[in-house]
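A.B. asks: Pasting the sequence and the predicted coordinates here, then a few questions.
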Amino acid sequence: MEADGAAPSFAVSQVNKVKRVHERGRYDKKTIYEILDAALVCHIAYVIDGRPYCTPTSFWREGDHLYWHGSSASRMIRTQKEGVDVCLTVTHLDALVMARSGFHHSVNYRAVMAFGKAHVIDDVDHKLKLMDSFIDRIYPGRSKLIRQPNKQELKATTMMGMEIETASGKIRDKHVADDEEDYDAVPAWSALYPVTQVLGAPSDCPRQLPGLARPDDMVDFAPGDRLDEIMTKTYRRTFGE
């Protein structure tokens, strides 16, 4: 999805620089986009009349652009339509880390902060294409099986986007890391607990038409599989690498 000659990393500035435990910072687009593409839900921060707000919503990426949607009547959409600066964040919780001191208890995670200016998608054809992309990003090929939005649904839904002006990632992927003297001096059981979200078994709609089988494009949805890995697969099936 990257344009030829595009910079492989975001330039480090005072906006996106990771200052606390800076060695965990990531600025290369490959890592940042992998974290984004493995996620389904983000949080978008913005300011209304001097007060900060942060709204959770579903999103996806196409190239250097991020997209999300919302009710046309919502406070978030009404504000963001004016072209405000936003910060979109994603976090994957990967492990709980129990150490020998409160200070060294931690979590393993992968996180991204992406900065840009929100803009509304006014063109109807582009809006419809994005609505299909939103469905296909999660469920590849499903937009061709379901009906298109009617006039009321189209009016009630606003599609928003932003070009990623800059971004940074941050990753912790460590086991227990205590002060050296605490390993022998503190008799506290310590461990790392991996954390994952996994898919459960599907529960068919009770009004399912007879004879319908799961579409072949749903092959990645296997009960017990990790959600972040499924989202990565479905993203690539829809948009490519």
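C.D. replies: That came in fine, so what should we check first? This structure is a prediction, so every number in the text was calculated from the model and none was measured. Numbers count the residues shown, from 1 in each chain.
A.B. asks: can you list contacts of stretch 78-96?
C.D. replies: Here stretch 78-96 makes contact (Cβ atoms under 8 Å, 6 or more residues apart in numbering) with 35-36, 38-39, 41-48, 53, 59, 66, 68, 107-120, 158, 160, 162, 173, 192-196, 228. For glycine as for every other residue, the C-beta is placed from the backbone atoms N, C-alpha and C.
A.B. asks: Among these, the buried ones, what's the ChimeraX command?
C.D. replies: To isolate the buried ones among these in ChimeraX, judged by 16 or more other Cβ atoms under 10 Å, type:
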select :35,36,38,39,42,44,46,59,66,68,108,109,110,111,112,113,114,115,116,118,119,158,160,162,192,228
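A.B. asks: Which secondary structure element of this protein has the lowest mean pLDDT?
C.D. replies: Within the chain, no helix or strand scores below helix 75-80, which has a mean of 89 by mean pLDDT, DSSP states H and E.
A.B. asks: Now the element after that one, going C-ward?
C.D. replies: Elements were assigned by DSSP states H and E; along the chain past helix 75-80, the next helix or strand is strand 85-98.
A.B. asks: Got phi/psi on the residue in the chain sticking out farthest from the centre?
C.D. replies: For the chain, the residue at maximal distance from the C-alpha centroid (Cα atoms, centre = their mean) is residue 185, at 41.6 Å. Dihedral angles of residue 185 (phi, psi; degrees, to the nearest 10) stand at phi -90, psi -20.
A.B. asks: how close does it get to residue 179?
C.D. replies: In this view, residue 185 and residue 179 are 9 Å apart by Cβ to Cβ, to the nearest Å.
A.B. asks: Kindly report the same for residue 206.
C.D. replies: From residue 206 to residue 179 the distance is 57 Å (Cβ to Cβ).
A.B. asks: who has more neighbours, these two?
C.D. replies: residue 179 (13 against 5; other Cβ atoms under 10 Å).
A.B. asks: Contact partners for the more buried one?
C.D. replies: Going by Cβ under 8 Å, 6+ apart, residue 179 touches 100-101, 104.
A.B. asks: And residue 118, by the same measure?
C.D. replies: The contact partners of residue 118, by Cβ under 8 Å, 6+ apart, come to 46, 80-81, 83-86, 160-162.
A.B. asks: For burial, what's the neighbour tally of residue 161?
C.D. replies: Look at residue 161: counted by other Cβ under 10 Å, it has 20 neighbours.
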